[in-house]
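Peer 1: Coordinates for the following, if possible.
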Amino acid sequence: MRRTVVFLEQQSWLGGAQRVLEAALDSIAAECDRLVVFPAQGPFRSSLEGKRVETMSLPLGNYRSGPKSWVEMGVFAFRSLYCGVKLAIVIRRRHIGLVYINGPRWLPAGVLASRLAGRPAIFHLHLILGRKSELILATRLARHVSRIVACSSAAAAPLLARDPDLAAKIDVVYNPAPRAGGQRQGWGRSPANHFTIGTAGRITKSKGHHLLIEALSMLPAQLRRRIQVLIVGSPAPGSEEDLGYGEVLRAEVTRRGLEEQIVWSGYQADMDPWYASMDVLVHPSLAEAMSIVILEALQHGIPVIAARTGGTPEVVRQGFNGLLVDADDPGALAEALMLFLNDRMLREGLQAGARIGLDRRFLPETFASRTRNAVAELCASERQEEMPVSAARRTGG
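Peer 2: Numbering: from 1, shown residues only. Here you go, the predicted model:
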């Protein structure tokens, strides 16, 4: 008998965590029916519906990054209670076997629903929980899930620091690195003795685009004239904070006289041509659990210069496939850029290290196998708990 797994997704546009969720959905498609719950319509939801994945809406509310006001937290608590009860009813009515909570925003409602319905739950953690209030709440709720899947050891560390007993239910399952496409013509290859620096991802302050712009302005003018910078990505739909940050970035580029060096591409569904143009990926993110962008770049044989934060050192090896710098330090980033651009032997060595690719931890097959095994194990345990009840009903007990 096929079981249904309900996935709780906190945003409807396509980002790194959503691409990992897509991989999880694909990995169990042959064994399980899938229902994905969203707070709203959006391009990610539409793409899943186009693949015949069932979806539904529950009014958890829009996702907004950054600190929240007391009013916002109160509204979120009420919405979580309502969604948890509604979801429990759906789980019971449809005999859903497992609740898969894809991110902390759904954690209160997901835990409530799984407890009310008597079903196991998986909590997939894609980020570093930094704010104390969020960490305390997530730690307490995580005690009530059956399994915690962390995308890196760094993502798991804050939970373990608060409650070492959670180690018994935490599995580190690294994000799968998407397969690199075939040889594609790049957006525009740099001429000899010129370089294309790329950065990719959501235009939001935590990704550190402002640090890259400041670092570029620190480079000698002669070197700066030999650089083209591709900024690939866009603000999150409907996010005033992201839109404001994007405007600040463009103003800074103008103020520092960098307009000729920078190309703003916007969101790109197909990244292969853009990676094909890059000599190096720069990722100065202030907090990164495990960046899909970094994994993609290394899969394409592109070395990485990144902030030494979160799970990044678990994939970028200093001096082998990239360079690591202190977070929130544009001076250190400028020095790393100058080193990479001026030292041909170092640059060729890093390129050779990147071309070796990633180890088995990041293979799509590894992720799919571990996801299937976790879902099968928890669905089997849920069936075993139901069997005595069913037997009792048949005998009138």
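
Peer 1: Quick check, Arg370 in contact with Asn175.
Peer 2: No. Counting by C-beta atoms under 8 Å, no contact exists between Arg370 and Asn175, whose distance comes to 11.7 Å. Every residue, glycine included, has its C-beta placed from N, CA and C.

Peer 1: And the two? Which one has more around it.
Peer 2: For Arg370 and Asn175, the more surrounded residue by other C-beta atoms under 10 Å is Asn175, and the numbers stand at 25 against 16.

Peer 1: Contacts only, for the more buried one.
Peer 2: With contact taken as C-beta atoms under 8 Å, 6 or more residues apart in numbering, Asn175 is in contact with 16, 20, 126, 151, 290, 292, 295, 362, 367.

Peer 1: repeat that for 6 Å
Peer 2: Contact analysis of Asn175 by C-beta atoms under 6 Å, 6 or more residues apart in numbering lists 20, 151, 290, 292.

Peer 1: Quick one: list the elements packing against the strand or helix carrying Ala154.
Peer 2: Secondary structure assignment for Ala154, by DSSP states H and E: helix 153-162. Here helix 153-162 touches helix 132-142, going by 3 or more C-beta pairs under 6 Å, 6 or more residues apart in numbering; DSSP states H and E.

Peer 1: before we move on, back to that, just checking: what are the partner strands of the very next helix or strand once past the helix holding Ala154?
Peer 2: The element immediately downstream of helix 153-162 (helix or strand, assigned by DSSP H and E) is strand 170-172. Sheet pairing of strand 170-172 (DSSP bridges) gives strand 147-150 (parallel).

Peer 1: Buried residues, the partner strand. List them.
Peer 2: Taking 16 or more other C-beta atoms under 10 Å as the basis for neighbour counts, the residues of strand 147-150 that come out buried are 147-150.

Peer 1: got it, and stretch 8-22?
Peer 2: Neighbour-count burial for stretch 8-22, counted by 16+ other C-beta under 10 Å, picks out 8-18, 20-22.

Peer 1: ditto for stretch 205-218
Peer 2: By neighbour count, with 16+ other C-beta under 10 Å as the criterion, the buried positions of stretch 205-218 are 205-217.

Peer 1: Of those, which pair is most distant in space?
Peer 2: Spatial extent of the buried residues of stretch 205-218 (C-beta to C-beta) is set by the pair Ser206 and Ser217 at 21.0 Å.

Peer 1: Run the chain-centre distance for stretch 370-384.
Peer 2: Between the centre of stretch 370-384 and the centre of its host chain there is 24 Å, according to C-alpha atoms, centre = their mean, to the nearest Å.

Peer 1: whoops, I mixed them up, stretch 28-41
Peer 2: Going by C-alpha atoms, centre = their mean, the spacing between the C-alpha centre of stretch 28-41 and its chain's C-alpha centre is 18 Å.

Peer 1: What mean pLDDT does it get?
Peer 2: If you average the pLDDT over stretch 28-41, you get 94.

Peer 1: and stretch 153-170, C-alpha only, in CSV?
Peer 2: Taking only C-alpha atoms (Å, rounded to 0.1, in the frame of the first residue of the first chain), the coordinates of stretch 153-170 have been written out as CSV:
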residue,chain,number,x,y,z
SER,A,153,27.4,19.8,10.5
ALA,A,154,27.4,23.6,11.0
ALA,A,155,23.6,23.7,10.7
ALA,A,156,23.2,21.0,13.4
ALA,A,157,25.8,22.5,15.8
PRO,A,158,23.5,25.2,17.4
LEU,A,159,20.8,22.7,18.2
LEU,A,160,23.3,20.3,19.7
ALA,A,161,24.9,23.0,21.7
ARG,A,162,21.6,23.7,23.4
ASP,A,163,20.5,20.1,23.7
PRO,A,164,23.1,17.4,23.2
ASP,A,165,20.4,14.7,23.5
LEU,A,166,19.2,15.7,20.0
ALA,A,167,22.3,13.9,18.6
ALA,A,168,20.4,10.7,18.7
LYS,A,169,17.9,11.9,16.0
ILE,A,170,20.1,14.2,13.9
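
Peer 1: let's number from 360 now, not from 1
Peer 2: Taking 360 as the first residue, the last one we looked at is stretch 512-529.

Peer 1: Going by residue numbers, what spans are strands in the stretch 560-709 of the chain?
Peer 2: Taking DSSP state E, counting those that start in this stretch to define them, one finds strands in the stretch 560-709 of the chain at 586-591, 621-625, 639-642, 663-666, 681-684.

Peer 1: So which of these is nearest Lys445?
Peer 2: In this view, the strands of the stretch 560-709 of the chain are compared for proximity to Lys445 by C-beta to C-beta, and strand 621-625 is the closest at 36.7 Å.

Peer 1: So for the nearest residue to Val684 once chain neighbours are set aside, what pLDDT did the model give?
Peer 2: Take Val684 and drop its neighbours on the chain: the residue closest to it by C-beta to C-beta, 6 or more residues apart in numbering is Ala691, 4.1 Å away. Confidence per residue is given as pLDDT, and for Ala691 that number is 97.

Peer 1: One more: the one 3 residues further on?
Peer 2: Per-residue confidence at Glu694 stands at 97 (pLDDT).

Peer 1: Look up how far Asp638 lies from it.
Peer 2: When distances are taken as C-beta to C-beta, to the nearest Å, Glu694 and Asp638 turn out to be 17 Å apart.

Peer 1: Also Met432?
Peer 2: For Met432, the distance to Asp638 (C-beta to C-beta) stands at 45 Å.

Peer 1: do the same with Ile715
Peer 2: 17 Å.

Peer 1: More neighbours: which of these two?
Peer 2: More neighbours surround Asp638 than the other of Ile715 and Asp638, with 19 against 11 (other C-beta under 10 Å).
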